[in-house]
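**Q** sequence plus the predicted model coming up.
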Amino acid sequence: MITIGICDDNPEFSSKLYNIIEHIMFSTSELKHFLFQDSEEIIHEIDAGTFNCNLVFMDIMMNNKKWVYAAQYICSHCPETSLVFVTASSEYVYECYHYNAFAYLLKPVSEQDIKKKLLRYLDNFCPLDRHLEVSFQGITRRIPFSSILYVESDLRKIIIHTIDGDYCCYQKLDVIASSLNYGFIRCHQSYLVATDKITAYTNSYISIQNTRIPISSRYKAECKELLNKDFNRNNKNTTAMPCTYHTDYGALICTHGTYLGSIIRFYPGQKIFVGRDGKTAYVIINLPLVSRSHCSIIYQHDTMEYEVMDYSNNGTFVNGSKRLLPYETYILKPGSWY
């Protein structure tokens, strides 16, 4: 299930937007929604511990900057929540990126625009819709990844410990690990742990609530590296600052032209291709001067830099003037534009 919030002071627009979202999501995923007439309602729910939206459509009111504070507040306290800003102006497209923006839509919004953003969100940033399917004693269950605490191997039996209880199946832990390939860490021959459920760790064990899970010598070095990265990232997420969450991802932000408002994120080290050819391009830009395979981008998290290489006939230009030499790697800082 995906939970979507709509924050707009115009009830008629909110109702129209919800109807569009419901129509799009009907055949894709279960949907729960909340309507907020003011951003202060969201802040109140966060403080009360009742806010649990995965995605929020937030109206940017030009004469009211409360949305900035609300966006900062959501970003600081609920970094797992993504925002889609809806506005009549393109003025804040770059600023919005720093507030956990997944997309930036210009009014009047079309159903097609919303559909593109929602489907992209479901494909890339919605772990709540991912399930582990297991069978035991003739019963098949679909267990949400987000509910799993840890997985334990006991001889031939697998025990999946979740927030809601324990489930069993007969399977090899290696097979389960291949399915849980993101957000889980192997710390022992017999244990697989959800990293976001870890409450503490030492060199010899991991704690989830009151349960201690051993770290074996075979996995100690790998666990130390991954856990240090994960806890450092979580510590940054809880600070009361404009969102530093996105330093973990690279992003391509379209600030002008046909694709204005599009925000495409990608993982560190992931090589993405930009171009017209949907078979090879991760970011498809269907414009006359864009080649089938135009350029590639790699985000390096450690240095917070981008490696860009041009493959095109018409050229890739940095900061509006410098043309990149084809098949040469260029290092760009965040905020560069082309």
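**A** Great, that's in hand. Numbers count the residues shown, from 1 in each chain.
**Q** wait, isn't R186 in contact with S216?
**A** No. R186 is not in contact with S216 according to Cβ atoms under 8 Å; the separation is 9.6 Å. Backbone N, C-alpha and C define where each C-beta goes, glycine included.
**Q** pick out whichever of those two has more residues nearby.
**A** Higher neighbour count among R186 and S216: R186, with 21 against 14, using other Cβ atoms under 10 Å.
**Q** element containing the more buried one?
**A** strand 184-188 (DSSP states H and E).
**Q** for that strand, output the C-alpha coordinates as CSV.
**A** Output of strand 184-188 as CSV, limited to C-alpha atoms (Å, rounded to 0.1, in the frame of the first residue of the first chain):
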residue,chain,number,x,y,z
PHE,A,184,19.4,-5.9,4.1
ILE,A,185,22.8,-7.0,5.4
ARG,A,186,24.2,-10.5,5.8
CYS,A,187,26.0,-10.5,9.2
HIS,A,188,26.2,-14.3,9.7
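**Q** list the strands paired with it, with their directions.
**A** The strands beside strand 184-188 in its sheet (DSSP bridges) come out as strand 191-194 (antiparallel).
**Q** residues contacting the strand it pairs with, please?
**A** Outside strand 191-194, the residues that touch it by Cβ atoms under 8 Å, 6 or more residues apart in numbering are 145, 148-153, 173, 176-177, 180, 183-187, 206, 208, 213-214.
**Q** mind doing that once more with 7 Å?
**A** Strand 191-194 has contacts (Cβ atoms under 7 Å, 6 or more residues apart in numbering) with 148-152, 173, 176-177, 180, 183-187, 206, 208, 213.
**Q** count of neighbours near I159?
**A** Neighbours of I159 (other Cβ under 10 Å): 14.
**Q** returning to what we had before: just the buried ones from the contacts of strand 191-194?
**A** Neighbour-count burial (16 or more other Cβ atoms under 10 Å) applied to the contacts of strand 191-194 gives 148-152, 173, 176, 180, 183-187, 206, 208, 213.
**Q** now the strands for the stretch 101-250 of the chain?
**A** Along the stretch 101-250 of the chain, counting by DSSP state E, counting those that start in this stretch, strands occupy 101-106, 131-136, 139-144, 148-154, 157-162, 165-170, 184-188, 191-194, 200-201, 205-208, 211-214, 250-253.
**Q** give me the angle between the strand holding R186 and strand 148-154.
**A** Orientation check (axes from the mean of the first three to the mean of the last three Cα atoms, to 10 degrees): strand 184-188 against strand 148-154 gives 30 degrees.
**Q** returning to what we had before: tell me the one of the buried ones among the contacts of strand 191-194 nearest I21?
**A** Proximity of those to I21 (Cβ to Cβ) peaks at G183, which lies at 26.0 Å.
**Q** report pLDDT for the closest one.
**A** What the model reports for G183 is a pLDDT of 76.
**Q** again, but for Y306
**A** 89.
**Q** how about I43?
**A** 91.
**Q** residues contacting it?
**A** With Cβ under 7 Å, 6+ apart, I43 has these contacts: A70, Y73.
**Q** quick check: phi and psi on it?
**A** phi -60, psi -40 (degrees, to the nearest 10).
**Q** going forward, count from 471.
**A** Right, with 471 as the first residue, what we last looked at is I513.
**Q** any idea how far N524 is from it?
**A** Using Cβ to Cβ, to the nearest Å, we find I513 at a distance of 18 Å from N524.
**Q** hang on, T551 packs against V526?
**A** Yes. Here T551 reaches V526: they are 6.2 Å apart, a contact under Cβ atoms under 7 Å.
**Q** which residues are common contacts for these two?
**A** Counting by Cβ under 7 Å, 6+ apart, the shared contacts of T551 and V526 are I544.
**Q** these two: which has the busier surroundings?
**A** Neighbour comparison, T551 and V526: the larger count goes to V526, with 26 against 20 (by other Cβ under 10 Å).
**Q** can you list contacts of whichever strand or helix holds the more buried one?
**A** Assigned by DSSP H and E, V526 belongs to strand 525-529. Defining contact as Cβ under 7 Å, 6+ apart, one finds that strand 525-529 is touched by 472, 474-479, 487, 509, 537, 541, 544, 551-557, 572, 591.
**Q** any chance you could map the helices in the stretch 671-808 of the chain?
**A** 690-707 (DSSP state H, counting those that start in this stretch).
**Q** any stretches of it with poor pLDDT?
**A** 699-718, 725-731, 790, 805-808 (pLDDT under 70).
**Q** let's go with 50 and repeat that
**A** When residues are selected by pLDDT under 50, those of the stretch 671-808 of the chain lie in 702-717.
**Q** before we move on, back to that, in ChimeraX, how would I select just the buried ones from the contacts of strand 525-529?
**A** Only the buried members of these enter the following ChimeraX selection, criterion being 16+ other Cβ under 10 Å:
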select :472,474,475,476,477,478,487,509,537,541,544,551,552,553,554,555,556,557,572,591
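**Q** okay then, goodbye and thanks.
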